[in-house]
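Chemist: Fold the stuff below for me.
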Amino acid sequence: MAIYHFSAQVISRGKGQSAVASASYRSGERLTDERTGETKYYVREVQPDTMILAPSNSPEWVRDRERLWNEVEQSEKRKDARLAREINIALPRELSNDQQKELIKNYVQEQFVNKGMIADIAIHRDDKENPHAHVMLTTREITADGFGPKNRDWNKKEMLEQWREEWANHANKALEKEGIQERISHLSHEARGLEQLPTVHLGHVAHEMEKRGVQTEKGNINRDRQEYNALVVELQKYREEKQALEQEKARQQAQKQNAERFNTSAERVDLQNASKVLKAESSLPNIKNRYEQLDKWDERLNKNDSYIRWKDETIRGASDHFRWIHSFEKQVQEAERRI
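Modeler: Residues are numbered from 1 along each chain as shown. Here you go, the predicted model:
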């Protein structure tokens, strides 16, 4: 199942970070930081798939990863300088490695490089279930002579929201192109109407017990909530697909009543797009069959409603019990302190 993950952070000297060290860690290459004289190298079992994209007016040396980030370090004089911006993006597992690479390359070129940034991309596939890309971006304008002033427009919140939305658009187009029905959304669960339950913090003791295979009360609460949340997401996915098919069915019926409307090229394109969704000929019988499949899915999910309600009550009861235990522990600690 394709997932949406898009996070952004600033790589800052004020936080003790180095652009060269960050690039070395993400690319898996041995790089020397000229400012400190240190050589950075982080061993990776799976070598990242890397590339550097730059505006057409950039000097040739920006293609050299070590020199690029050393130039960035030299252009910054402040102790708390912002050295780079990093974007972390989950890649659709449904796409092949080459398709993932082409997707991230096109997205970064359009959203960042065309606006004047240099992008250092590293695709990590250490975990086959979690392919993702790290994109390090420069913060200064680049000219044929090197780095110029910082572009403050790139820091605007509106830009971040645009990048997040455009990633969903690019990924969905790539999935559609390959005939894959999965889609992602940049909207939060709350914005999509998904009322999910938060997990509880395990704490180091429970975390270590869970790592050893020993189930804990907090761990059981989290497992219950994760199961509940998975059902909520599945139900929402069904609703969205059913709504899309209902709209498609209504459109098809209107077209059938006005057969002459099929004569335009635009409407023929609409029919072709509908066929991709159905993975069959765009006809009312096929839409009806798909609608019946969704109804059966609806019936199965409705049977889970009572189970979800019961699970919700159980989780809430466990949560109350956990709060009582926490309160009691605080009372014990306070008593021990007084003693």
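
Chemist: So Ile87 belongs to a strand, correct?
Modeler: Yes: judged by DSSP: H, G, I helix; E, B strand; the rest coil, Ile87 forms part of a strand.

Chemist: can you count the residues close to it?
Modeler: Ile87: 24 surrounding residues under other C-beta atoms under 10 Å. Any C-beta I mention is one placed from the backbone N, CA and C, and that applies to glycine too.

Chemist: How about Ile3?
Modeler: Ile3 has 13 nearby residues by other C-beta under 10 Å.

Chemist: How about the backbone phi and psi for the closest residue to it other than its chain neighbours?
Modeler: Nearest non-adjacent residue to Ile3, counting by C-beta to C-beta, 6 or more residues apart in numbering: Ala90, 5.4 Å away. Note on Ala90: backbone dihedrals following degrees, to the nearest 10 are phi -80, psi 130.

Chemist: Also the one 3 residues further on?
Modeler: Note on Arg93: its backbone torsions stand at phi -70, psi -20 [degrees, to the nearest 10].

Chemist: okay, now it: neighbour count?
Modeler: Arg93: 14 neighbours (other C-beta under 10 Å).

Chemist: Could you report the separation of it from Asn70?
Modeler: Distance check for Arg93 against Asn70: by C-beta to C-beta, to the nearest Å, it reads 35 Å.

Chemist: One more: Met159?
Modeler: 27 Å.

Chemist: still on that earlier bit, wait, the residue nearest to Ile3 sits on His132?
Modeler: Yes: counting by C-beta atoms under 8 Å, Ala90 does reach His132; the two are 5.0 Å apart.

Chemist: who touches both of those two?
Modeler: Any residue near both Ala90 and His132 by C-beta atoms under 8 Å, 6 or more residues apart in numbering counts here, and that gives His5.

Chemist: Return the set of buried residues in stretch 40-55.
Modeler: Buried residues in stretch 40-55, counted by 16 or more other C-beta atoms under 10 Å: Lys40, Pro48, Asp49, Thr50, Ile52, Leu53, Ala54, Pro55.

Chemist: Farthest pair within these?
Modeler: The span of the buried residues of stretch 40-55, defined through C-beta to C-beta, is set by Lys40 and Pro55 at 26.4 Å.

Chemist: wait, what's in contact with the most centrally placed residue in the chain?
Modeler: Note on the chain: the residue nearest the mean C-alpha position is His5, at 1.3 Å, using C-alpha atoms, centre = their mean. Each residue near His5 by C-beta under 8 Å, 6+ apart is listed here: Asn88, Ile89, Ala90, His132.

Chemist: make it 10 Å
Modeler: Asn88, Ile89, Ala90, Leu91, Asn130, His132, Trp167, Ile184 (C-beta atoms under 10 Å, 6 or more residues apart in numbering).
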